[in-house]
Every structure is written in C-alpha cells, then in structure tokens.
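K.L.:
Task: produce atomic coordinates for the following.
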Amino acid sequence: ADQFVVGGHEIREAGFRQTASEMHERAGVFHESLLAACSDTLAAWEKNLRAGTLVACGETIAKLADRPEVNAVETPAKAIERIKADIADFKSRHNLDDVVVLSVASTEPPFPTGPEHQSLAVLEPLLTRANNPVLPASSLYAYAALDLGLPYVMLNVPHGSAFDIAGRGVAQHLSMLSAM
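P.N.:
So this is what the prediction gives:
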C-alpha cells in the first residue's frame with residue numbers, strides 16, 4: 001500500500017495522542033517510546049477526526065461527549081447521511097482507492113431487536129424518528145459503510161476499555177476474535 005491513513009468519528013475532544021496517553025497512564029498500554037515515535041503520525045490523523053453521533057449510544061457514553069459539534073438530537077437517517085458524507089470526503093481528500101470502516105468504539109448498551117429489523121422496507125422509514133431510534137450508534141456506522149459498498153468490521157470488546165481489569169487476564173476477547 002502506498003498510503004495508510006486513519007480518520008474517524010469521535011464524541012470527545014481528546015484525539016489519538018491524548019487517548020493513547022490516557023491508556024498508557026491508566027493501564028500501562030503502549031510504551032512511552034512508542035507514543036513518542038508515533039506522535040507526529042497520530043497528530044496528522046487527528047486532523048481526520050469528525051464529530052461522532054450520540055444517537056442511541058446510552059447514558060454512559062453520552063456523558064463522555066465533550067466535543068461541541070456532537071449533535072445529540074439528530075435522527076438516525078441524518079446521522080447515516082452525515083457519516084456517509086464524511087467517509088466520501090475522507091476518501092476523496094486522501095485520494096484513496098479503498099476504505100475499510102472499523103468500529104473500535106466503546107461498548108453500547110444492549111439494543112432490543114424487533115420486527116422492524118427484519119426488513120429494510122420497514123426499517124428505513126423509522127430512521128427519521130429523532131426520539132425513538134431503531135438502531136444503536138454502531139449500526140448507523142455499519143449502515144453507512146455498507147450503503148457505500150465498503151467493508152465494515154466491528155472490533156469492540158463486550159466490556160469496553162475495562163481499565164479496571166487490565167492486566168488481570170480476565171478480559172473477554174471472543175467478539176474480537178469473531179470479527180477477525
């Protein structure tokens with residue numbers, strides 16, 4: 001590959017460098033020399049971050065949002081269109097041949113499924129509702145990627161970052177392995 005570029009959506013002001021530093025401080029993840037060596041690349045990639053969505057993300061995740069442009073009241077349909085536009089812009093700005101959408105977001109609360117999830121014809125009109133979303137945030141990103149014909153890989157672990165169990169050998173990793 002001639003070019004490997006990272007971008008994404010974020011609900012926090014923290015960029016890649018600050019987040020990696022926090023992970024190092026809290027759980028000893030990433031050696032300081034690695035953080036220093038990657039700093040310029042991470043800074044460049046931070047310019048590719050766009051506002052994430054809070055649609056159906058749950059209270060715990062919503063409390064983390066400190067990025068001013070994060071829109072908590074958009075409909076799922078508007079979020080999907082915004083995500084698609086951001087992905088298309090990212091691909092165009094970097095003149096990329098391929099884009100792979102990876103989900104490495106925080107764990108979401110369980111989301112119940114129902115008859116509306118059995119058919120796009122039934123689901124799509126419901127995506128315009130603001131106060132009763134029919135898809136969790138991760139599914140909005142998956143929908144946007146798949147609608148653009150792009151691969152989508154979900155790499156979330158079921159317990160999130162789980163700094164409290166780091167290094168104890170009890171992390172659940174099966175969902176990560178299944179995704180790979």
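
K.L.:
can we go C-alpha only for contacts and neighbour counts from here?
P.N.:
Fine.

K.L.:
Quickly find the element holding residue 9.
P.N.:
Element membership of residue 9 [criterion: DSSP states H and E] is strand 8-10.

K.L.:
Repeat that for residue 102.
P.N.:
strand 101-103.

K.L.:
before we move on, the earlier item: now for the strand holding residue 9, which elements pack on it?
P.N.:
Counting by 3 or more CA pairs under 8 Å, 6 or more residues apart in numbering; DSSP states H and E, the packing neighbours recorded for strand 8-10 are strand 49-51.

K.L.:
try it again with 10 Å
P.N.:
Of the remaining helices and strands, those touching strand 8-10 by 3 or more CA pairs under 10 Å, 6 or more residues apart in numbering; DSSP states H and E are strand 49-51, helix 76-93, strand 101-103.

K.L.:
Enumerate the positions of the longest one that are buried.
P.N.:
Neighbour-count burial for helix 76-93, counted by 16 or more other CA atoms under 10 Å, picks out 76-84, 86-87, 90-91.

K.L.:
Identify, from those, the entry nearest to residue 45.
P.N.:
residue 90 (11.1 Å; CA to CA).

K.L.:
residue contacts, that closest one?
P.N.:
Neighbour list for residue 90: 5-8, 48-50, 84, 96, 99 [criterion: CA atoms under 10 Å, 6 or more residues apart in numbering].

K.L.:
again, but for residue 151
P.N.:
98-102, 142, 145.

K.L.:
could I get those as CSV with neighbour count, distance to residue 111 and pLDDT?
P.N.:
Listed next are these as CSV, based on neighbours: other CA atoms under 10 Å; distance: CA to CA, whole Å; pLDDT from 0 to 100:
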residue, neighbour count, distance to residue 111, pLDDT
98, 9, 31, 92
99, 18, 27, 94
100, 13, 25, 93
101, 19, 21, 93
102, 16, 20, 89
142, 21, 15, 92
145, 23, 20, 96
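
K.L.:
Mind checking which of the contacts of residue 90 are buried?
P.N.:
Using 16+ other CA under 10 Å as the burial test, the contacts of residue 90 include 6-8, 48-50, 84, 99 as buried.

K.L.:
for the residues you listed, which one is nearest residue 120?
P.N.:
Distances from residue 120 to these, taken by CA to CA, are shortest for residue 84, at 17.7 Å.
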